[in-house]
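Participant: Sequence isn't available, so here's the structure alone:
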């Protein structure tokens with residue numbers, strides 16, 4: 001790309017809010033008082049009454065100049081200029097028509113401050129300003145797309161359509177990222193049932209980091225870094241936050257887990273991790289505990305989790321990033337049973353999380369299939385028991401909380417119109433929640 005250098009000697013005075021919108025890329029057009037030649041360049045002067053100085057942060061080039069009269073759809077022009085429809089009507093009443101200029105805006109490498117001027121559409125700059133086009137506010141494709149919409153006077157997308165498009169882009173990016181993660185996630189159970197102990201330890205650490213655990217400890221003997229595994233005398237798994245966890249990893253093919261695995265976890269944890277006593281203890285192993293080691297694990301409140309179960313937990317996080325509540329997982333890990341039977345409680349935790357996803361997916365479909373475009377909570381609560389739900393909802397407020405959760409910006413499955421006192425909140429469908 002060839003960068004053009006330009007000398008600018010004056011600035012176009014515009015309302016400060018218009019200049020702000022141009023610099024942010026929210027709008028690309030403005031309404032000057034006189035005709036502007038295509039190709040003319042100028043700085044953007046934000047008009048601010050009762051100020052002694054003005055800061056200039058951008059310059060623009062006129063790409064097109066149209067004449068607009070009352071025959072044009074002023075509501076659409078209002079959207080692209082951020083000038084109210086009422087004000088556009090007032091301008092038409094004053095002049096019968098007005099000039100609409102399309103501006104390609106560029107940021108200055110360094111803002112300048114000049115004395116304020118009270119008059120004139122164009123303000124002379126104290127010194128000539130040397131600028132270049134290396135920092136456009138909008139990319140070439142984005143500017144061309146918006147310019148074409150304005151030329152064709154296309155109505156703006158409804159808000160729900162804009163939200164839908166953004167969510168689809170985010171979902172597409174998530175799928176791309178998910179496909180990258182799926183390769184290593186699908187190895188957890190296979191490697192855990194092999195003799196690849198070192199690789200299994202890396203996968204376990206990677207899994208806990210993926211679930212949301214962390215460790216700021218740089219000591220390789222009490223680390224969570226998959227590339228700095230503990231080795232001889234180090235803890236296989238060590239998490240500091242959101243709560244402490246210590247663990248041992250035993251990849252094995254049809255081997256019993258000896259008692260010394262439990263004692264090794266205790267010894268290494270006490271030696272290298274100050275928070276060991278209050279930490280959750282985990283053994284991740286494919287083999288079963290022998291008749292000596294299982295009572296030891298139970299007595300020391302150690303959870304024994306199979307590699308298949310860990311893989312299932314990580315896959316759930318992959319497909320539904322908000323489905324794993326780490327505090328709920330903590331309660332499960334701290335509760336009986338321990339030893340080998342603790343694997344079943346983690347499987348139960350996973351099934352409960354899946355049921356909550358099914359419930360929310362069902363609620364999304366309930367809104368989607370309702371004959372009303374925007375539906376109130378009361379209507380949905382009345383219809384819910386007859387919709388073959390995955391689990392009962394007995395309180396109206398519980399359903400309302402789920403609807404609000406699904407309509408949050410971070411979820412984006414439903415839209416929400418807040419009530420005004422006379423009517424309650426209403427919800428509308430945006431996109432499916434796949435199970």
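Facilitator: Received the coordinates, thanks. Just so you know, these numbers come straight off a predicted model, no measurement behind them.
Participant: Quick check: end-to-end length of stretch 320-335?
Facilitator: Using C-alpha to C-alpha, to the nearest Å, the span of stretch 320-335 from its first residue to its last is 25 Å.
Participant: quick check: mean pLDDT across that stretch?
Facilitator: Mean pLDDT, stretch 320-335: 92.
Participant: show me the contacts for residue 316.
Facilitator: 323-324, 350, 353-354 (C-beta atoms under 8 Å, 6 or more residues apart in numbering). No exception for glycine: its C-beta is placed from N, CA and C like everyone else's.
Participant: now it, what's its secondary structure?
Facilitator: helix (DSSP: H, G, I helix; E, B strand; the rest coil).
Participant: The lengthiest strand in the chain packs against which elements?
Facilitator: For the chain, the strand with the greatest residue count under DSSP state E is strand 97-115. Other helices and strands packing on strand 97-115, by 3 or more C-beta pairs under 8 Å, 6 or more residues apart in numbering; DSSP states H and E, are helix 16-24, strand 29-30, strand 53-69, helix 85-95, strand 122-132, helix 140-151.
Participant: Tell me the buried residues in the third one?
Facilitator: In other words, strand 53-69. 54, 56, 58-65, 68 (16 or more other C-beta atoms under 10 Å).
Participant: ok, now how distant is the residue lying closest to residue 42 once chain neighbours are set aside from residue 317?
Facilitator: In space, not counting the residues next to it along the chain, residue 42 is nearest to residue 12; the distance is 4.6 Å by C-beta to C-beta, 6 or more residues apart in numbering. The gap separating residue 12 from residue 317 is 52 Å, by C-beta to C-beta, to the nearest Å.
Participant: Of the two, give the one with the bigger neighbour count.
Facilitator: Neighbour tally, residue 12 and residue 317, criterion other C-beta atoms under 10 Å: the higher count belongs to residue 12, 22 against 18.
Participant: Helix, strand, or coil at that one?
Facilitator: Going by three-state DSSP: residue 12 is strand.
Participant: Show me what it is bridged to.
Facilitator: Bridge pairing for residue 12 (DSSP bridges) gives the partners residue 44, residue 122.
Participant: Show the pLDDT at it.
Facilitator: 93.
Participant: isn't residue 282 right up against residue 332?
Facilitator: No - look at residue 282 against residue 332 with C-beta atoms under 8 Å: they stay out of range, at 11.7 Å.
Participant: More neighbours: these two, which one.
Facilitator: Taking other C-beta under 10 Å, residue 282 and residue 332 do not tie; residue 282 has more neighbours (25 against 16).
Participant: strands paired with the helix or strand harbouring the more buried one, and their directions?
Facilitator: Residue 282 is part of strand 280-285, with elements assigned from DSSP states H and E. Here strand 280-285 is paired, per DSSP bridges, with strand 245-250 (parallel), strand 302-305 (parallel).
Participant: Could you identify which of those strands is most buried?
Facilitator: strand 302-305 (a mean of 26; mean count of other C-beta atoms under 10 Å).
Participant: who's in contact with it?
Facilitator: 257, 262, 265, 280-285, 289, 294, 296-297, 333, 338-340, 342-343, 346.
Participant: Show me where the stretch 301-435 of the chain dips below the pLDDT cut-off.
Facilitator: Confidence mapping of the stretch 301-435 of the chain against pLDDT under 70 gives the ranges 421-423.
Participant: so where do the strands sit in it?
Facilitator: Secondary structure of the stretch 301-435 of the chain, counting by DSSP state E, counting those that start in this stretch: strands at 302-305, 375-376, 414-417, 426-429.
Participant: could I get these as CSV with distance to residue 184?
Facilitator: Shown next, in CSV, are these (distance: least, C-beta to C-beta, whole Å):
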stretch, distance to residue 184
strand 302-305, 18
strand 375-376, 42
strand 414-417, 34
strand 426-429, 35
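Participant: Highest mean neighbour count out of these?
Facilitator: It is strand 302-305: most buried of these by mean count of other C-beta under 10 Å, with a mean of 26.
Participant: centre of the chain versus that strand, how much separation?
Facilitator: Centroid displacement of strand 302-305 relative to its chain, using C-alpha atoms, centre = their mean, to the nearest Å, is 33 Å.
Participant: got it, and stretch 271-283?
Facilitator: 33 Å.
Participant: in that stretch, what counts as buried?
Facilitator: Buried residues in stretch 271-283 (16+ other C-beta under 10 Å): 272-273, 276, 279-283.
Participant: residue contacts, the closest residue to residue 225 other than its chain neighbours?
Facilitator: Spatial nearest neighbour of residue 225, chain neighbours left out: residue 205 (7.0 Å); criterion: C-beta to C-beta, 6+ apart. Counting by C-beta under 8 Å, 6+ apart, residue 205 touches 224-226, 229, 236-237.
Participant: Just the buried residues of those residues.
Facilitator: 224-226, 229, 236-237.
Participant: now these in JSON lines, with distance to residue 84 and pLDDT?
Facilitator: JSON lines is the format used below for the buried ones among the contacts of residue 205 (distance: C-beta to C-beta, whole Å; pLDDT from 0 to 100):
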{"residue": "224", "distance to residue 84": "55", "pLDDT": "87"}
{"residue": "225", "distance to residue 84": "56", "pLDDT": "84"}
{"residue": "226", "distance to residue 84": "56", "pLDDT": "85"}
{"residue": "229", "distance to residue 84": "63", "pLDDT": "63"}
{"residue": "236", "distance to residue 84": "64", "pLDDT": "88"}
{"residue": "237", "distance to residue 84": "60", "pLDDT": "89"}
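Participant: The chain - how does it break down into domains?
Facilitator: 5-156, 187-340, 356-429 (automatic domain parsing).
Participant: residues contacting the spatially closest residue to residue 197 that is not a sequence neighbour?
Facilitator: Leaving aside its chain neighbours, residue 197 sits nearest to residue 251 (4.6 Å; criterion: C-beta to C-beta, 6+ apart). Neighbour list for residue 251: 191-197, 199-201, 285-286, 307 [criterion: C-beta under 8 Å, 6+ apart].
Participant: PyMOL command to pick out the buried ones of the residues you listed?
Facilitator: Buried members of those, defined by 16+ other C-beta under 10 Å, are picked up in PyMOL with:
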select buried, resi 191+192+193+194+196+197+199+200+201+285+286+307
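Participant: out of the contacts of residue 251, who's nearest residue 245?
Facilitator: Comparing the contacts of residue 251 against residue 245 with C-beta to C-beta places residue 201 closest, at 14.3 Å.
Participant: sec struct for the closest one, please.
Facilitator: Under three-state DSSP, residue 201 falls in the helix class.
Participant: I'd say it and residue 238 touch.
Facilitator: No - the criterion here is C-beta under 8 Å, and residue 201 misses it with residue 238 at 11.3 Å.
Participant: This completes my enquiry, with thanks.
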